[in-house]
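S.K.: could you work out the structure for the sequence below:
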Amino acid sequence: MRNFWSLHLSPICNRRKRNKSLEFSYVSFSVRFNSDTIKVEIYDDGADGWVLEVVDKQRTSTVWDDPFPADAVALAEDKKTLMKKSVQSLIGEK
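M.R.: So this is what the prediction gives:
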């Protein structure tokens, strides 16, 4: 059985309006796998680093402990995690 997942841009503008103190990277996106969707949010930590956070549809959040030096590095880490562990590894209990 082949697994297909698609990428969609996150509605970053809406999130910025709710929390003006966060600066989101343009590389933030959503991933849909079967009926599950996760949001990959990469935002400035305010101290020259970028935070990688994954949020599922139940609003369960997974945040990497250490900030990344650039948003592209955070994106690469997320892609590596998705390829090794799959989307389900980043989804909370249903």
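S.K.: give me the number of residues near D48?
M.R.: 9 (other C-beta atoms under 10 Å). For the C-beta atoms, the positions are set from N, CA and C on the backbone; glycine is no exception.
S.K.: now it: closest residue in space, sequence neighbours ignored.
M.R.: Spatial nearest neighbour of D48, chain neighbours left out: P69 (7.7 Å); criterion: C-beta to C-beta, 6 or more residues apart in numbering.
S.K.: again with A70
M.R.: Excluding the flanking residues, the one nearest A70 by C-beta to C-beta, 6+ apart is W50, at 6.3 Å.
S.K.: separation between the one you found and R32?
M.R.: 24 Å (C-beta to C-beta, to the nearest Å).
S.K.: hey, where'd the helices end up in the chain?
M.R.: 12-18, 71-85 (DSSP state H).
S.K.: which one's the longest strand in the chain?
M.R.: Within the chain, and with DSSP state E defining each element, the longest strand by residue count is strand 36-44.
S.K.: what's it packed up against?
M.R.: Counting contacts by 3 or more C-beta pairs under 8 Å, 6 or more residues apart in numbering; DSSP states H and E, strand 36-44 packs against strand 29-33, strand 50-56, helix 71-85.
S.K.: make a markdown table out of the ones you listed and add mean neighbour count, mean pLDDT and distance to E41.
M.R.: Listed next are the helices and strands packed on strand 36-44 as a markdown table, based on neighbours: other C-beta atoms under 10 Å; pLDDT from 0 to 100; distance: least, C-beta to C-beta, whole Å:
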| stretch | mean neighbour count | mean pLDDT | distance to E41 |
| --- | --- | --- | --- |
| strand 29-33 | 17 | 83 | 9 |
| strand 50-56 | 20 | 93 | 5 |
| helix 71-85 | 15 | 88 | 10 |
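S.K.: in TSV: the ones you listed, plus distance to V63.
M.R.: As requested, these are exported to TSV (distance: least, C-beta to C-beta, whole Å):
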stretch	distance to V63
strand 29-33	17
strand 50-56	5
helix 71-85	11
